[in-house]
Every structure is written in C-alpha cells, then in structure tokens.
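Visitor: No letters, just coordinates:
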C-alpha cells in the first residue's frame, strides 16, 4: 500500500510542470533599457537646448526639425531591418544623391513628375537588388558590397551632374513633396509618418519581420526551419535602397534642385540613429520605436548646435562621438546580456 502511494507521489512529482522563472528587473531592463535610455537622453537634449537657446521650443523651429529629419526617419526605418539581420548598408547616402540629381535631370527633360517618382523608386529597388544579390547569393560581406556601392553610385551622380546643381521648376508638383503643407504639418513629415507606420507593422506584426530578427539571431536555424534566407536578405537590401530613393525625392523637392553632393555623411547619421535607438549591431534585436527616438535625437542635436551659434563643423564631431558611445554601449549591453543567459 505504502509503495503504491510512494509510486503515485513520484508520478505526480514527475508530471508537475517546470517552474517558470519570473522576469527580474535586470531582464526587463535588458529588454527595454535601450529604448528607455534613448528616450531619457532625447528629453535631456531637448531640455538642454530649450534652456540655452530661445527659439528651440518655438512652433516654427519644431516643425522645421520634423521636416528636415523626414529623410533621416525614412531611411532609418529601413536600416533597422538591415542592421537587425546583422548587416549594414553604407550606400544609402549615395543612392539619395543619385536620385536627387537624376530626378532633377528627368524633370528638366520633360518627364512628368509622377513618372519621375516611380522611376526613382524603381531605380532604388534595382540598386538594392543588385547589392542584395552579391550579399545574399554570393556571400560577400555587406560592408564590402555597400562600401563599393557608396563609391560607384556617388560617382555616377557626379558624372550626371558634372558637379553642378540641376534646378527644378519651383511651380512643379514635385517640389510640393518637399515644401508643401497639409493640415498645418509639412508633407515630408506625413510621408515619414506613413513609412514609419508601415515599417513598424512589418517589423512587429508580419512573418517577414520575424524572419529578419531570426536571421540576425541565428541564420542557420532559420534556414533549417525552411525559410528562404537569401531571398529575405535580398528583400531587406531592396527595401533599404528604395527608402533611400524616396528620401532623395523628398530632399530634391525641399531643396528645389538636384545635387550630387547631397547626402554627404548621411549614412553615418542613419546608422547612428538606428544604433542609438537600441538595435543591436550584432543582429537579432531591433526596435522601430527606438529608431524614431534615435533619429529625432540626431536631428535635434544638429538643429540645437545651429541655434546655439556653434561651429557647423562640430556637428560631425559630435555625431561621430555619439556613434562610438552607442556602439560601446551596444556591445556592453547586448553581449553582456547574452553571456548572462
């Protein structure tokens, strides 16, 4: 009788489900600390410039920040996908410059503005597909491929313009995309908002977003699960270059001209925004909310330095320092977390 009770007790112990470890504060910090830290940093930067400059919090200046940061927000949204896979795209600034110059040239040649925009988006997708092919199917590191793209694409833009700016007719509807207003908000801000919403939904609510995160975390495991990893990577780089093309269209409309010198150092601002927002450079972890905060932080710093009458040459120095600190914190936070697990 007693042996039966003991056997039943052992069976009950064996069948009991394993205890689930309750999430600690450290776990929650690792999961959300990057977004929380950039949010705090963003608020502190805004407070600093609001106290040191009189015009920072004025409505015209805030709308100006939103309008000027639209290209950065658009490309940073797509770069989040790229970096989450463990890759990088250094060519986005050159794609922006090429589209900026070529769209102005096409408009001068008489191509209707809607066809010009579609042609530029198609060009961006084609460039992304070409780079993505070498990365995904030929196995060449993304850094090398997109570094070559940075040089080649910028060279093509210089060849088209001869180093000069190509003007766009100020009464063209194309210019409205960069200078127009809707409901009291700049149209570039509406375009950036639409792109960010689409990117957020794709990243957090679709299979594609899960595949992107999975590839960055464990590429081989995702491949063994039956996912076409190479096609997903190709799509990610197409998305990145298409977003850069859209940003180039918006920038050309805002400037009212196309220049091959546009977007100098733009890729550094984009990478800084994404990494500051908490996306891991090692792949497998990304956040679209953090990317938005990171992009706005970069834009606010650039704007605040101008309002504070500081040398414009300080902007790239500070941006570079931000990238270095962000990469260091990224390494400490995410690599330290993986060792802790």
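Guide: Ah, there it is. What you are looking at is a predicted structure, and each value in this text was computed from that prediction instead of being measured.

Visitor: contacting residues around residue 237?
Guide: Shown in contact with residue 237 (CB atoms under 8 Å, 6 or more residues apart in numbering): 82, 87, 89, 128, 129, 131, 132, 135, 136, 142. From N, CA and C alone the C-beta is placed, and that goes for glycine too.

Visitor: likewise residue 259?
Guide: 97, 100, 101, 161, 164, 165, 166 are the contacts of residue 259 under CB under 8 Å, 6+ apart.

Visitor: Check residue 314 too.
Guide: Per CB under 8 Å, 6+ apart, neighbours of residue 314: residue 305.

Visitor: If we use 10 Å, what do you get?
Guide: Residues near residue 314 by CB atoms under 10 Å, 6 or more residues apart in numbering: 301, 302, 305, 306, 308.

Visitor: From the contacts of residue 259, list the buried ones, please.
Guide: Listed as buried from those are 97, 100, 101, 161, 165, 166; burial here means 16 or more other CB atoms under 10 Å.

Visitor: so residue 135 makes contact with residue 238?
Guide: No. Contact criterion CB atoms under 10 Å: residue 135 and residue 238 do not qualify, at 11.1 Å.

Visitor: picking that back up, I'd like the contacts of residue 237 as JSON lines, with neighbour count, secondary structure and distance to residue 256 appended.
Guide: Compiled in JSON lines, the contacts of residue 237 are given as follows (neighbours: other CB atoms under 10 Å; DSSP: H, G, I helix; E, B strand; the rest coil; distance: CB to CB, whole Å):
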{"residue": "82", "neighbour count": "31", "secondary structure": "helix", "distance to residue 256": "30"}
{"residue": "87", "neighbour count": "25", "secondary structure": "coil", "distance to residue 256": "34"}
{"residue": "89", "neighbour count": "33", "secondary structure": "coil", "distance to residue 256": "28"}
{"residue": "128", "neighbour count": "29", "secondary structure": "helix", "distance to residue 256": "27"}
{"residue": "129", "neighbour count": "16", "secondary structure": "helix", "distance to residue 256": "30"}
{"residue": "131", "neighbour count": "25", "secondary structure": "helix", "distance to residue 256": "30"}
{"residue": "132", "neighbour count": "29", "secondary structure": "helix", "distance to residue 256": "33"}
{"residue": "135", "neighbour count": "26", "secondary structure": "helix", "distance to residue 256": "35"}
{"residue": "136", "neighbour count": "24", "secondary structure": "helix", "distance to residue 256": "38"}
{"residue": "142", "neighbour count": "24", "secondary structure": "helix", "distance to residue 256": "34"}
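
Visitor: Phi, psi for residue 75 please.
Guide: phi -80, psi -30 (degrees, to the nearest 10).

Visitor: Quick check: it vs residue 46, distance?
Guide: Using CB to CB, to the nearest Å, we find residue 75 at a distance of 23 Å from residue 46.

Visitor: Compare these two and say which is more crowded by neighbours.
Guide: Neighbour count, other CB atoms under 10 Å: between residue 75 and residue 46, residue 75 has more, with 34 against 17.

Visitor: Kindly check the end-to-end length of stretch 220-231 for me.
Guide: 14 Å (CA to CA, to the nearest Å).

Visitor: How about residues contacting that stretch?
Guide: With CB under 10 Å, 6+ apart as the criterion, stretch 220-231 contacts 85, 132-133, 135-139, 207, 210-216, 218-219, 232, 234-235.

Visitor: per-residue pLDDT, residue 330?
Guide: Residue 330 carries a pLDDT value of 58.

Visitor: and if you look at residue 273?
Guide: 88.

Visitor: Please name every helix or strand in contact with the helix or strand hosting it.
Guide: Per DSSP states H and E, residue 273 falls inside helix 266-276. Here helix 266-276 touches helix 25-52, helix 59-84, helix 92-108, helix 142-161, helix 229-255, helix 288-307, helix 314-330, going by 3 or more CB pairs under 10 Å, 6 or more residues apart in numbering; DSSP states H and E.

Visitor: State the distance from the residue nearest the centre of the chain to residue 108.
Guide: The C-alpha lying nearest the average C-alpha coordinate of the chain belongs to residue 76 (CA atoms, centre = their mean; 1.7 Å). Going from residue 76 to residue 108 by CB to CB gives 31 Å.

Visitor: okay, now residue 203: neighbour count?
Guide: 21.

Visitor: before we move on, what about the one 4 residues further on?
Guide: The number of residues packed around residue 207, counting by other CB under 10 Å, is 11.

Visitor: repeat for residue 266
Guide: By other CB under 10 Å, neighbour count at residue 266 equals 22.

Visitor: Could you do residue 202 as well?
Guide: 17.

Visitor: these two touch, right, it and residue 81?
Guide: Yes. Counting by CB under 10 Å, residue 202 sits close enough to residue 81 to count as a contact (8.1 Å).

Visitor: quick one: common contacting residues for those two?
Guide: 208, 209, 212, 239, 288.

Visitor: Tabulate these in a markdown table, adding columns for distance to residue 177.
Guide: Below are the shared contacts of residue 202 and residue 81 laid out as a markdown table (distance: CB to CB, whole Å):
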| residue | distance to residue 177 |
| --- | --- |
| 208 | 27 |
| 209 | 28 |
| 212 | 29 |
| 239 | 20 |
| 288 | 23 |
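
Visitor: For PyMOL, write the select line for the buried members of the residues you listed.
Guide: To isolate the buried members of the shared contacts of residue 202 and residue 81 in PyMOL, using 16+ other CB under 10 Å:
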select buried, resi 209+212+239+288
